[in-house]
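**Q** A structural model of the following input is requested.
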Amino acid sequence: MSPSHGLCGVILAAGDSTRMGRDKALLPWPPEAAGASPLGETFLSSAIRLLNYISDMVIVVAGKNAANIAPVVYASGAFLVVNQANELGQFSSLQLGLQEVLNRGRDRAVLTLVDRPPVNTSTLERLLSAFELAVSRRQWAVVPEYGGKHGHPVFVGRDMIHAFLRAPVTATARDIEHQHQQHVEYVPVVDPFVTLNIDTPEAYAALVAQNSPKAR
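**A** The predicted model follows:
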């Protein structure tokens, strides 16, 4: 699949990873990378590679961890922006990333979080196809759904981008999504990674064990 013109990937990676005890962006992934992998693959590099598959470019929003993740960002062919006020929360990083999308002349974005393994390529393709159809029907966004829960990556068009940017920094993405729910399409997928959050060492260890080559 060739990149979708005007689509920009945005990865939110500015969190402090307090519960994990180390930067979640740099957690080795896929499981083969959890050992001494010469590739040095991580949640972040894997996410960039996936979004590069369908996007014109990928923007990573960092916080205090910018210096640590910058080598991965640049080696993976992505762009880095730094949220100097990431203590304001994740929504401030989302707004910064989306403003950068517009600044770079794009008007559509695919958004994801760095604290999880990337979804399957087939899932991404399904969501992109659904988004292209949704845009033709003047819908604003496509959100994946698994097991009755909504997740990421989320595809947004210009109208939803502006809705996010107009909102106060104290808002949440979920607040804005619900305010404009009539313009959002929810797409069922069979990929549990869309709703997965990895916040603790125990959760990461379980994920690696479940997805290691020996467990397949």
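
**Q** can you give me the strands in the chain?
**A** 7-12, 57-62, 79-82, 108-113, 141-146, 149-150, 154-156, 184-188 (DSSP state E).

**Q** adding mean neighbour count, write the ones you listed out as JSON lines.
**A** Where you see a C-beta, it was placed from the backbone N, CA and C, and this is true even at glycine. Converted to JSON lines, the strands of the chain look like this (neighbours: other C-beta atoms under 10 Å):
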{"stretch": "strand 7-12", "mean neighbour count": "27"}
{"stretch": "strand 57-62", "mean neighbour count": "25"}
{"stretch": "strand 79-82", "mean neighbour count": "17"}
{"stretch": "strand 108-113", "mean neighbour count": "24"}
{"stretch": "strand 141-146", "mean neighbour count": "22"}
{"stretch": "strand 149-150", "mean neighbour count": "14"}
{"stretch": "strand 154-156", "mean neighbour count": "27"}
{"stretch": "strand 184-188", "mean neighbour count": "16"}
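
**Q** for the helix ranked longest in the chain, list the C-alpha coordinates in PDB.
**A** Identified as the longest helix of the chain according to DSSP state H is helix 121-136. The C-alpha trace of helix 121-136 is given here as PDB (Å, rounded to 0.1, in the frame of the first residue of the first chain):
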ATOM      1  CA  THR A 121      -0.700  -4.100   9.300                       C
ATOM      2  CA  SER A 122      -4.100  -5.600   8.200                       C
ATOM      3  CA  THR A 123      -5.800  -3.700  11.000                       C
ATOM      4  CA  LEU A 124      -4.200  -0.400   9.900                       C
ATOM      5  CA  GLU A 125      -5.300  -1.000   6.300                       C
ATOM      6  CA  ARG A 126      -8.800  -1.800   7.300                       C
ATOM      7  CA  LEU A 127      -9.000   1.500   9.300                       C
ATOM      8  CA  LEU A 128      -7.500   3.500   6.500                       C
ATOM      9  CA  SER A 129     -10.000   2.100   4.000                       C
ATOM     10  CA  ALA A 130     -12.800   2.900   6.500                       C
ATOM     11  CA  PHE A 131     -11.500   6.400   6.900                       C
ATOM     12  CA  GLU A 132     -11.300   7.100   3.200                       C
ATOM     13  CA  LEU A 133     -15.000   6.100   2.900                       C
ATOM     14  CA  ALA A 134     -15.900   8.100   6.000                       C
ATOM     15  CA  VAL A 135     -14.300  11.200   4.600                       C
ATOM     16  CA  SER A 136     -16.300  10.800   1.400                       C
END
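
**Q** who are the packing partners of that helix?
**A** Judged by 3 or more C-beta pairs under 8 Å, 6 or more residues apart in numbering; DSSP states H and E, helix 121-136 is in contact with strand 108-113, strand 141-146, strand 154-156, strand 184-188.

**Q** with distance to Thr170 and mean pLDDT added, can I get the ones you listed in TSV?
**A** Compiled in TSV, those are given as follows (distance: least, C-beta to C-beta, whole Å; pLDDT from 0 to 100):
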stretch	distance to Thr170	mean pLDDT
strand 108-113	19	98
strand 141-146	21	98
strand 154-156	20	98
strand 184-188	21	97
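
**Q** Thr195: which of those strands is closest?
**A** Among the helices and strands packed on helix 121-136, the nearest to Thr195 by C-beta to C-beta is strand 141-146 (5.1 Å).

**Q** who are the packing partners of that closest one?
**A** Counting by 3+ C-beta pairs under 8 Å, 6+ apart, strand 141-146 packs on helix 121-136, strand 154-156, strand 184-188.
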